[in-house]
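**Q** The amino acid sequence is not available; the structure is as follows:
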């Protein structure tokens, strides 16, 4: 499906994925990716934002449907829809894309056939924090015609770029100021509805 597809991730979406994972280092985390296919370039999926969902054991949560509806309602007016899911594993040494994340990806794929799964790469993140690496700290997975999720780029197919090349520099600034403490996910919102899981003021 995504043989020539390119995924352009906005800096804010990329940073939110990492901050969410850093806030809940002892838990798996996941969230929705919001974006669109531009009318003038149907081979590029623009991922504009990341919406933190959960920091508990991830399955097809009852709250997932609720979150999907609310996200579609909120972002639909801006011309965006849910285009994927992101996930970070609980264990540092676990680099496998688990079944729960794949199931959620499959669910989104039914509505958006170019759906993306972004997976946090803990080893790359550690390298970045230690000043030893400059690589992006997320990996892109896409679903092929056999309904399997594969890491993109390994076969020269789908590719991912961050829209702003200095994203890792800004990310390190946010990490050093412990910005991850401010991020709110849907779980937090369900516990305390005064917390806004759309995080409108996170980067202000």
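**A** On my side now, so go ahead. Since this is a predicted model, take the numbers as computed values, not measurements.

**Q** In which helix or strand does the residue nearest to the spatial centre of the chain reside?
**A** The centroid of the chain falls nearest to residue 86 when counting by C-alpha atoms, centre = their mean (3.3 Å). If you go by DSSP states H and E, residue 86 is part of strand 81-88.

**Q** And the pLDDT at residue 172?
**A** pLDDT recorded at residue 172 is 94.

**Q** This protein: helices as residue ranges?
**A** 11-23, 62-76, 99-109, 122-129, 167-176, 186-191 (DSSP state H).

**Q** The fourth one vs helix 167-176, what angle?
**A** Note on geometry: by axes from the mean of the first three to the mean of the last three C-alpha atoms, to 10 degrees, helix 122-129 and helix 167-176 are set 80 degrees apart in direction.

**Q** With the third one instead?
**A** Relative orientation of helix 99-109 with respect to helix 167-176: 130 degrees, computed using the same axes, to 10 degrees.

**Q** what does helix 99-109 rub up against?
**A** Applying C-beta atoms under 8 Å, 6 or more residues apart in numbering, the external contacts of helix 99-109 come out as 28, 30, 32, 57-60, 64, 82-85, 87, 115, 117, 119, 141, 143, 147, 149. Bear in mind the C-beta positions are built from the backbone N, C-alpha and C, glycine included.

**Q** PyMOL command for the buried members of those residues?
**A** Here is the PyMOL command that selects the buried residues among the contacts of helix 99-109 (16 or more other C-beta atoms under 10 Å):
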select buried, resi 28+30+32+58+64+82+83+84+85+87+115+117+119+141+143+149
